[in-house]
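Asks: I'll drop the sequence and a predicted model, then ask my questions.
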Amino acid sequence: MKDVLVIGAGGVSSVAVHKMAKNPDLFGKITLASRREFKCEAIAKSVQERFGATIETAQVDADNVDATAALIDTVKPDLVVNLALPYQDLPIMDACLKAGANYLDTANYEPRDEAKFEYKWQWEYQERFKQAGLMALLGSGFDPGVTSVFTMYLKKHYLDRIDTLDILDCNGGDHGQHFATNFNPEINIREITAAARHYEEGKWIETPALSTRQVYNFEEVGTKNMYLMYHEELESLATHLPELKRIRFWMTFGDQYLRYLDVLQNVGMTSIEPVMYEGHEVIPLQFLKAVLPEPSDLGQTTKGKTNIGNIATGEKDGQAKTVRIYNVCDHEEAFAETGNQAVSYTTGVPAMIGSALMLNGTWKGEGVFNMEQMDPDPFMDMLNNHGLPWQVRELAEPLKF
Ligand code: NDP
């Protein structure tokens, strides 16, 4: 029970596949398939050069359920790891059901024509996976993923009850480009330009995108501006941990990034509404993606660190308590190990860990699960042992905002 089929061959996939190949005790045969096979072959070559391990490659259009199911039938993996784009989540889940394979991903399904970031479509697969005796694990990246596991670790070991949760995502790295996104530009810009939403006292509160700014001093990175945003783990945490009275998500952005984004947005380049150009339908955001640097090419020049983690307030043994938990990841160290920068690294490593825990049966179930429904301890141990060590400490007081 160790063979995997990984779909998608971008930055996140590259890290996950390198880490899988580096751990032959956890993974058996690794097959990497994507829309363009040469991207898989480049990753296979790097894995061979770095770790002397051989991985198989294949071509697949994961929007095509029958083609993906046929590939699963041929490869016969114990687990399909979806590291393509959120648009492919449902077709790959359908293919897994058709061919009888377990499923894991790192981001929730997105319809192409509307930025939604909702779990409802994937949660609707609950009964079908259950009846097939299969497991689907959703969101095994960093956020969602590690931040969800961090929350449950605090709940298990530090707080009897969590009242408020803030997730803070800081990328203190500099790639030296005028404007680039750290992961898939289309998904990244859809996420950032969507209205901010947070959860408070049972209600979702919506505010304009990037309109709420606070400053936080991130360990090993320094003081940064961070902005209130919507992020998909808010929905699943509000569902699975109903004691939470407030959950917010913050992400840091530099002034230059926001200036460029503002211009691009104002001229219509971030729109997902099709426009006609010389007789062809063009989606401005997809065209923008085509001219921006590939996130997987940023590793060579990126310096600095990421710091992603949570601050939870609540009660332990009747006493009010605030606890901080976080990971710091160095872009250059991530690049030296896998040839990819820290944003891909911090997503690819948890994808590898979630896969390993499913394959060895430590995390098991029938149906569709989010990360916070699993025992956090084995995942937390593996983070420490596979390149994403974490720190936890008590804070003297809660956040003042
Ligand atoms: P990339 O754009 O770098 O890679 C996506 C890969 O998927 C590409 O190789 C692409 O192929 C392939 N792909 C796209 N469409 C298809 C298709 N129809 N069939 C087969 N393959 C396809 O993205 P990233 O590596 O940056 O991100 C991967 C995933 O990770 C995304 O879903 C992203 O949202 C998620 N993510 C999650 C995070 C978390 O913390 N949870 C953080 C960052 C990312 P091609 O090369 O031919 O274009």
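Replies: Cool, got the structure.
Asks: can I assume Tyr345 sits in a helix?
Replies: Yes. Residue assignment for Tyr345, taken from DSSP: H, G, I helix; E, B strand; the rest coil, places it within a helix.
Asks: So what's the residue count around it?
Replies: As a burial measure, Tyr345 scores 30 neighbours (other C-beta atoms under 10 Å). Heads up, the C-betas are built off the backbone N, CA and C, glycines and all.
Asks: who are the neighbours in contact with the nearest residue to it once chain neighbours are set aside?
Replies: Leaving aside its sequence neighbours, Tyr345 sits nearest to Ala334 (C-beta to C-beta, 6 or more residues apart in numbering; 3.6 Å). Listed by C-beta atoms under 8 Å, 6 or more residues apart in numbering, the contact partners of Ala334 are Val15, Gly299, Asn340, Gln341, Ala342, Ser344, Tyr345, Thr346, Gly387.
Asks: can we see that at 6 Å?
Replies: Counting by C-beta atoms under 6 Å, 6 or more residues apart in numbering, Ala334 touches Gln341, Ala342, Tyr345.
Asks: Would you confirm that the second one contacts Cys329?
Replies: Just to be clear, that refers to Ala342. Yes. In this structure, Ala342 is within contact of Cys329 by C-beta atoms under 6 Å, at 4.3 Å.
Asks: got the residues of the stretch 151-300 of the chain near the ligand?
Replies: By the rule C-beta under 6 Å from any ligand atom, the part of the stretch 151-300 of the chain lying against the ligand is Phe183, Asn184, Ile187, Pro295, Ser296.
Asks: so which one among those residues has the lowest pLDDT?
Replies: Of all those, Ser296 carries the smallest pLDDT score, 79.
Asks: you'd agree it is in a helix?
Replies: Yes. Counting by three-state DSSP, Ser296 falls inside a helix.
Asks: Correct me if wrong: it contacts Ser13.
Replies: No. Between Ser296 and Ser13 there is no contact under C-beta under 6 Å: 9.0 Å.
Asks: I'd like the distance from Glu235 to Val12, if you could.
Replies: 21 Å (C-beta to C-beta, to the nearest Å).
Asks: Mind checking which of those two has more residues around it?
Replies: Higher neighbour count among Glu235 and Val12: Val12, with 30 against 22, using other C-beta under 10 Å.
Asks: give me every residue that touches the more buried one.
Replies: Leu83, Ser344, Thr347, Gly348.
Asks: Of these, which ones also sit close to the ligand?
Replies: Answer for the contacts of Val12 near the ligand (C-beta under 6 Å from any ligand atom): Leu83, Thr347.
Asks: Could I get the contacts of Val12 in a markdown table, plus columns for pLDDT and neighbour count?
Replies: Below are the contacts of Val12 laid out as a markdown table (pLDDT from 0 to 100; neighbours: other C-beta atoms under 10 Å):
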| residue | pLDDT | neighbour count |
| --- | --- | --- |
| Leu83 | 98 | 29 |
| Ser344 | 94 | 28 |
| Thr347 | 97 | 26 |
| Gly348 | 98 | 29 |
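Asks: Quick one: the strands in the stretch 101-250 of the chain, in order.
Replies: 102-105, 135-138, 161-171, 196-200, 203-207, 213-218, 222-229, 246-252 (DSSP state E, counting those that start in this stretch).
Asks: How much space separates the residue of the stretch 201-350 of the chain found nearest the ligand from Asp143?
Replies: The stretch 201-350 of the chain approaches the ligand most closely through Thr347 (4.0 Å), counting by C-beta to the nearest ligand atom. According to C-beta to C-beta, Thr347 and Asp143 sit 9 Å apart.
Asks: Thanks a lot, catch you later.
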